[in-house]
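**Student:** Could you work out the structure for the sequence below:
(chains A and B)
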2 protein chains.
Amino acid sequence: MDRPTEPGRARTSLEGRRASVTGTAALPKAVIVATGLYTPPFSVSNTELVEAFNTYVERFNAANAEAIAAGEVAALAPSSPEFIEKASGIKARYVMNKAGIVDPEVMRPILPERPNEEISILAEMAVEAARQAIERWGKPVSEIGAVICAASNMQRAYPAMAIEVQQALGIDGFAFDMNVACSSATFGIKTAADFIATGSAKAVLMVNPEICSGHLNFTDRDSHFIFGDVATAVILEAENQAKDGWEILGTRLKTQFSNNIRNNFGFLNRTAPEGIGAKDKLFVQEGRKVFREVVPMVSEMIVEHAGDIGVDPTGLKRLWLHQANINMNDLIARKVLGRDPEPGENVIILDTYANTSSAGSIIAFHTASDDFAAGETGLICSFGAGYSAGTVFVRKR
Amino acid sequence: MDRPTEPGRARTSLEGRRASVTGTAALPKAVIVATGLYTPPFSVSNTELVEAFNTYVERFNAANAEAIAAGEVAALAPSSPEFIEKASGIKARYVMNKAGIVDPEVMRPILPERPNEEISILAEMAVEAARQAIERWGKPVSEIGAVICAASNMQRAYPAMAIEVQQALGIDGFAFDMNVACSSATFGIKTAADFIATGSAKAVLMVNPEICSGHLNFTDRDSHFIFGDVATAVILEAENQAKDGWEILGTRLKTQFSNNIRNNFGFLNRTAPEGIGAKDKLFVQEGRKVFREVVPMVSEMIVEHAGDIGVDPTGLKRLWLHQANINMNDLIARKVLGRDPEPGENVIILDTYANTSSAGSIIAFHTASDDFAAGETGLICSFGAGYSAGTVFVRKR
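**Tutor:** Residues are numbered from 1 along each chain as shown, chains lettered A, B, ... in the order given. Reported below is the predicted structural model:
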């Protein structure tokens, strides 16, 4: 089949539509009225991670000494906390299980199965984040008409995680899962905003539970430090009934296929049993290519979108970017602002949370937005596997 | 955590919103302008399936004769084509691989892995269905602004299947995956319709690739016959630019959590290795409970939704229901129509396609709607795991 290599970009903002509305009935805008954050109980420092990794490397090299000497197996190289911090800006990450990750004989989280009658671990994390958002919102859950679970990996195919979250919180209406990797949250915000604009729901709960340690190869020197676990929640509500919150000035979504971030784990693996357990069944990344291709794609998208909706990007009070990598985030911020960001202007939570896939930009927004005055603007922006990217410009009401 | 047992239902139709619009600018309605169907190359009859199953049973019982005699292992019971047809209405199913399924030593499809540079098998199926829909539509793909892959199981977590489909077809804009099991297509139609109503896209391609044989336990007498493989595609377009097609009179979505259809396969299985390969990592169903609970839920939802939008359900020319089970489909049709359906009125494609999860109601619509005259109405309706249900009332333009 033909595979064109450079699909372009479509404008998906509401503003285009609004501009063409000539009657008196504008679409009801969606407002971000509350967010919530669930932080897992355990933090793993780079030093702890490297200690386990280097022990794993020593044991691997010792066990394979003969084959390594014969040139049949490549010796593994040890790592260091300094390398990790320089490469990524990450100093630690939160995880749902620490014992397995720091055990050189295990090198993966250990999360015992739960019976079907108990809530799934991913749903439980989402519910914790959602409860915080609902409490901050201060309205009854009966106001919520839809639940979207938007994350980079789901616990199972069915029943949908979103329905389990919906039930745990006693929410009516409809729920479904959606996935577009690290951009799931901004795509979820856009979808929720459209449900509100059409009256499909008066308010929408969008959750992003991520156990990224579950699809991370802890034996791979280049990537074992990248991810952490977390859950975030966002509630959106129709403007005409929301008090306070954040007006959405515009949303734009873009995807462009790339294999440079890929994970081939899936239900069809059993139809090709020879590949089960291979490295491609976990997160695999061509980091340099991603850096080179995604930075211009995202920074140009931000600047262009800002221009189209009449926002001066250099006047944004704050950037809440996907937390990918300190060098990537710094470079995108410089390109958008046209200068080095002031301290705190380009929010970084990578140091303590690491990359948390879809949740990163929402953690940044959740933890660094309370000081906004009415009228001040900021940008929630995601990017990642797909490739996918989403921009959500907001203004404090 | 508390788990309320009976969340209610929210109205998610556009009509509520429309009724409250008092200005001159109504939301642009979405029109279903084309559908496409990809049918896999192999058909497996009940006789062929039972032959493999009964051989498997004989060999299992022989290999475990001693333990069975000692009461430590339960003997497996053979099946028959008559039992399957009576229980389900299914006579055959299409599959992407037949050799593995009918081999008593394999009992699963064999689908060799493809290199990342080749299109994934699920994306390829979706693209075939999409190409047919695009051809029937007769417009350039540059008109399409979004691609939704809505299915009950995705090939992988990332990059999203929808982005791979988008690239293969040369479509701009954005794409993402969504999953709410057998109801994915109606939820996808609703989401696409809302994207069109808000101007987020002028046209949306929604695809439903299903390799249900990949998550089916072919050694389980109660369920091994249920599923088949297929892909469907639906294109929706804004009313003001669409020629012909099907006006959407109303959509309604509902979810209510249930463990009665469940599959615990997922990326976290490696964090609990003791459960890998257990039966709950494939489709498991409490068939009788599903029948008892879903039939009233869906038939009441259809009748209520019809009433709310002023449609007489007994006047519908045709029902295109999710293809679950002949007894379930018959009973829902009788409850909706208030009488036995006339031949062809309640479309059944179960006999040749079996249950194809999200694609079933779309196959029915695709294969049995060409004879509609302008003004005639019908119902696309899905239901299944979650529980989830979606109603889409349409009128030929």
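**Student:** so A:F176 sits in a strand?
**Tutor:** Yes: counting by DSSP: H, G, I helix; E, B strand; the rest coil, A:F176 is found in a strand.
**Student:** For it, report the pLDDT, please.
**Tutor:** Looking at A:F176, its pLDDT stands at 98.
**Student:** State the distance from it to B:A185.
**Tutor:** For A:F176, the distance to B:A185 equals 12 Å [C-beta to C-beta, to the nearest Å]. (C-beta placed from N, C-alpha, C; glycine too.)
**Student:** tell me the strands in chain A, going along the chain?
**Tutor:** For chain A, the strands defined by DSSP state E occupy A:30-38, A:42-45, A:92-95, A:146-150, A:174-179, A:203-211, A:229-238, A:246-255, A:261-262, A:284-285, A:318-321, A:377-384, A:388-396.
**Student:** could you dump the ones you listed to TSV with mean neighbour count and distance to chain B?
**Tutor:** What follows is the strands of chain A, written out as TSV (neighbours: other C-beta atoms under 10 Å in any protein chain shown; distance: least, C-beta to the nearest C-beta, whole Å):
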stretch	mean neighbour count	distance to chain B
strand A:30-38	24	10
strand A:42-45	16	14
strand A:92-95	24	11
strand A:146-150	30	7
strand A:174-179	30	4
strand A:203-211	31	6
strand A:229-238	29	10
strand A:246-255	26	4
strand A:261-262	20	6
strand A:284-285	18	9
strand A:318-321	25	18
strand A:377-384	26	8
strand A:388-396	25	7
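**Student:** who wins for proximity to B:G390 among these?
**Tutor:** strand A:174-179 (8.0 Å; C-beta to C-beta).
**Student:** then the closest one to PDB, C-alphas only?
**Tutor:** Taking C-alpha atoms only, strand A:174-179 is exported to PDB below (Å, rounded to 0.1, in the frame of the first residue of the first chain):
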ATOM      1  CA  PHE A 174     -21.700   7.700  28.700                       C
ATOM      2  CA  ALA A 175     -18.000   6.900  28.900                       C
ATOM      3  CA  PHE A 176     -15.300   5.600  26.600                       C
ATOM      4  CA  ASP A 177     -11.600   5.200  26.300                       C
ATOM      5  CA  MET A 178      -9.400   7.100  23.800                       C
ATOM      6  CA  ASN A 179      -5.700   6.800  23.100                       C
END
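**Student:** Mind listing the strands that strand pairs with, and their directions?
**Tutor:** Strand pairing for strand A:174-179, determined by DSSP bridges: strand A:146-150 (parallel), strand B:174-179 (antiparallel).
**Student:** Looking at A:A34 now. What's its pLDDT?
**Tutor:** pLDDT, A:A34: 98.
**Student:** who's it bridged to?
**Tutor:** Under the criterion used here (DSSP bridges), A:A34 is bridged to A:I235.
**Student:** quick one, what contacts it?
**Tutor:** Neighbour list for A:A34: A:A133, A:I134, A:R136, A:W137, A:V234, A:I235, A:G245 [criterion: C-beta atoms under 8 Å, 6 or more residues apart in numbering or on different chains].
**Student:** for those residues, which one is nearest chain B?
**Tutor:** A:I134 (13.6 Å; C-beta to the nearest C-beta).
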